[in-house]
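J.: What would the 3D arrangement of this be:
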Amino acid sequence: MNPLMKAFVAAHVGLFRLTGGRFGGKIGTQPVVLLTTTGRKTGKERTVPVGSFEDQGDVIVVASFAGSPQHPAWFNNLTANPNVTAQLGANAFAARAEVVAGADRERLWKKIVETAPTFGEYQKKTTREIPIVRLKRTAAN
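T.: The predicted structure follows:
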């Protein structure tokens, strides 16, 4: 990640945490979740703001990386270690990340693209199937 983007992400995360999500808690109308993964190479915690959706009480995130040909680092981290921490507004919780597949993925993808059409545009820019991840709460923090 380039230094300017790294500074922007750090500022977004800091502002979100400072205000319990009142600032930085939405991108347009879409809720933002702070997703903390464990670096697969470094073992260090990494936190990124990611747009989110709700489905059956779970938080859903999309590893679009704006249609880039590769997956975002946070996705690679959570596939190596699916135990994550998420913060939605002032509510932080432990979760287990599960990549959604099959009919459930198709159902969610349709819902996501209807809600946020930009994700459909991202899919057109890449040959990889953009992953959808379900964050299943494991314990309250």
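J.: Skip the chain neighbours and tell me the closest residue to residue 16.
T.: residue 24 (3.9 Å; C-beta to C-beta, 6 or more residues apart in numbering). Placement of C-beta: from N, CA and C, glycine included.
J.: now residue 136: how far from residue 42?
T.: Plainly put, residue 136 is 25 Å away from residue 42 if you go by C-beta to C-beta, to the nearest Å.
J.: The two - which one has more neighbours?
T.: Taking neighbours as other C-beta atoms under 10 Å, residue 136 and residue 42 compare with residue 136 leading, 14 against 9.
J.: before we move on, back to that, surely the residue nearest to residue 16 is in contact with residue 9?
T.: No: counting by C-beta atoms under 8 Å, residue 24 sits too far from residue 9 to count as a contact (10.5 Å).
J.: which stretches of the protein form strands?
T.: Using DSSP state E, the strands of the chain run over 26-27, 30-38, 45-55, 58-62, 83-88, 91-99, 132-140.
J.: Alright, that wraps it up for me.
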